[in-house]
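Enquirer: sequence first, predicted coordinates after that:
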Amino acid sequence: MLKTVINADVERIESHAFITNEPAELIHIFHPFTQIALWRRGVNSIIEAYLQKGLTNNLLGPGFRTIIRSPYTLALDLFPDFPGREALLEDIRLIAEIYADLLGCDEIALRLEILDCVMCPRFHVDRTGIRLICTYLGSGTEWINDELVDRGKLGPGCLDLPDEASGLFDERTTIESPNLFDLLLFKGSLWQGNSHRGAIHRSPAVASGEHRVLLIMDALWN
């Protein structure tokens, strides 16, 4: 099935980032050329209002970390009880189900991050397999196409210069980011056959008084 889907549209998937409106097409993350797969979902206004109210009333705290497994339900007491909680729980359950089915994993390490500062301000590659990120509120994670990038300028190679001045990329490179509620899959350097690649990304700047709400998942196998 994977081979059939991938061969169906070779031109579209021989690129760094594969963007789709169909969740089934996230399978293209397994193509060796693809480092990012993005499913455009659209904003759920009920969930957005729930999280905004939670932030305004300081009810969400710093977020949480947990490990989930099928049927991917979360404890109700992890979320404040007011309208919209069930919609958020169902959205997280749906995302987890899609992610687990795609990766074939037994468990998922799940994080809900509530951030008021930059988490990872420099462009970098994660030492992971395939990580899922969904930005519910705030600015989305930024990435760059690796076609014109000098990977030697990542990490210590930047010589403490800002990303825009280190030589990592030049004016031909566009810094891209998702829309709210988009589902992002980032391939890391630990994915098989990907040791010298991986999605190059960073956290966006966070303005004073702004918050980001992120859902992050990593596959676990027993």
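Expert: It's in.

Enquirer: strands of the protein, start to end?
Expert: 17-20, 36-39, 63-68, 107-115, 130-137, 142-144, 175-176, 183-187, 200-202, 212-220 (DSSP state E).

Enquirer: from the chain's centroid, how far away is the fifth one?
Expert: In this case it means strand 130-137. In this view, strand 130-137 has its centroid 3 Å away from the chain centroid, taken as CA atoms, centre = their mean, to the nearest Å.

Enquirer: avg pLDDT for it?
Expert: When pLDDT is averaged along strand 130-137, the result is 97.

Enquirer: which elements pack onto that strand?
Expert: In terms of contacts (3 or more CB pairs under 8 Å, 6 or more residues apart in numbering; DSSP states H and E), strand 130-137 is packed against helix 45-56, helix 85-103, strand 183-187, strand 212-220. No exception for glycine: its C-beta is placed from N, CA and C like everyone else's.

Enquirer: what's the angle between that strand and strand 183-187?
Expert: Interaxial angle of strand 130-137 relative to strand 183-187 (axes from the mean of the first three to the mean of the last three CA atoms, to 10 degrees): 150 degrees.

Enquirer: ok, strand 130-137: who's next to it in the sheet?
Expert: Strand pairing for strand 130-137, determined by DSSP bridges: strand 183-187 (antiparallel), strand 212-220 (antiparallel).

Enquirer: which among these is found nearest to residue 74?
Expert: Evaluated over the strands paired with strand 130-137, closeness to residue 74 peaks at strand 212-220, with 11.0 Å, by CB to CB.

Enquirer: residues near the nearest residue to residue 57 once chain neighbours are set aside, how many?
Expert: The shortest distance from residue 57 to any non-neighbouring residue, by CB to CB, 6 or more residues apart in numbering, is to residue 80 (7.9 Å). Using other CB atoms under 10 Å, the number of residues around residue 80 comes to 16.

Enquirer: reformat the strands of the chain as TSV; add distance to residue 98 and mean neighbour count.
Expert: As requested, the strands of the chain are exported to TSV (distance: least, CB to CB, whole Å; neighbours: other CB atoms under 10 Å):
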stretch	distance to residue 98	mean neighbour count
strand 17-20	13	18
strand 36-39	9	24
strand 63-68	13	14
strand 107-115	11	18
strand 130-137	9	22
strand 142-144	21	20
strand 175-176	22	16
strand 183-187	8	25
strand 200-202	21	22
strand 212-220	10	20
